[in-house]
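**Q** here's a sequence, model it:
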Amino acid sequence: MLSTDALDRALAALGEVLADRKLAYELVAVGGGALALVGLIERSTRDLDIVGVLQQGALAAAVELPAPLAEAVGDVARALDLSADWVNGDPARRIRELPEGFLGRCSRREFGPLVVWLASRVDQIYLKLYAAVDDRGGGKHVWDLETLQPTKDELRRAAAWARTQDGSETFARMLRACLGNLEAWRHG
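**A** The predicted structure follows:
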């Protein structure tokens, strides 16, 4: 598990490796690692979830990290004794489309030639609600959502967005149950 400081140091090391190799990347991060880096939560995380790579101002899904970046991530993992996938594109496999205006709300962190765009609080609410539906009664996504203290209106908009990711009736039922659990938590 990575504390916020450890994640910050690992990204700085990755930036140094990229600089040595004369490489530069702009990554778009979501999830617990991104929440910690912007100071919205205080918990350790296993990894930094990447949804995209910015290339000439356009966002490309990061299902697979570019090979030179993946190699640098692996080298930093070995040097710092981190998980091999401490930076990964797993969320890009599940997210069809980011919320409208997502990139414009991101904050920017620079680690030399490595720029990490961090999802905003409101976008994290959307993404965490979508992920929390699968937590089934609890888990880190629900905990993160509770920590973000979304308003009813933010949850309503997040739920509408989540339905664009999965239009099935099963997902709709699970989403309603998740929202009910969140509401019960707020008043419990």
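**Q** in the protein, which residue is closest to the centre?
**A** Centroid check for the chain by CA atoms, centre = their mean gives V30 as the closest residue, at 1.6 Å.
**Q** what's the neighbour count on the closest residue in space to that one that isn't next to it in sequence?
**A** In this structure, V30 finds its nearest non-sequential neighbour in A119, 4.5 Å apart by CB to CB, 6 or more residues apart in numbering. All C-beta spots, glycine's among them, are computed from the backbone N, C-alpha and C. Using other CB atoms under 10 Å, A119 has 29 neighbouring residues.
**Q** my read: A119 touches C106, true?
**A** Yes - using CB atoms under 8 Å, A119 makes contact with C106 at a distance of 6.0 Å.
**Q** so how far is the longest strand seen in the chain from its chain's centroid?
**A** Secondary structure of the chain read by DSSP state E shows that its longest strand is strand 48-55. Remark: strand 48-55 is offset 9 Å from the chain centroid, using CA atoms, centre = their mean, to the nearest Å.
**Q** what comes up buried for that strand?
**A** 48-54 (16 or more other CB atoms under 10 Å).
**Q** which other helices and strands contact that strand?
**A** Using 3 or more CB pairs under 8 Å, 6 or more residues apart in numbering; DSSP states H and E, the elements in contact with strand 48-55 are strand 25-30, helix 31-37, strand 58-61, strand 87-88, helix 90-94, strand 114-118.
**Q** who's in contact with the residue nearest to N88 when sequence neighbours are not counted?
**A** Excluding the flanking residues, the one nearest N88 by CB to CB, 6+ apart is D47, at 5.7 Å. Shown in contact with D47 (CB atoms under 8 Å, 6 or more residues apart in numbering): 2, 31, 33, 83, 85-88.
**Q** go with 10 Å
**A** By CB atoms under 10 Å, 6 or more residues apart in numbering, D47 lies in contact with 1-2, 7, 29, 31-33, 82-83, 85-88, 90.
**Q** and E154, by the same measure?
**A** Counting by CB under 10 Å, 6+ apart, E154 has contacts 121-122, 125-126, 129, 148.
**Q** one more time with 6 Å, if that's ok
**A** Taking CB atoms under 6 Å, 6 or more residues apart in numbering, we find E154 in contact with I125.
**Q** quick one: what helix or strand has it in it?
**A** In the assignment (DSSP states H and E), E154 maps to helix 152-165.
**Q** can you list the buried residues in whichever helix or strand comes after that helix?
**A** Where DSSP H and E defines the elements, the next helix or strand beyond helix 152-165 is helix 169-187. Buried positions in helix 169-187, judged by neighbour count with 16+ other CB under 10 Å: 171, 174-175, 178-179, 181-182.
**Q** with that, I have no additional questions.
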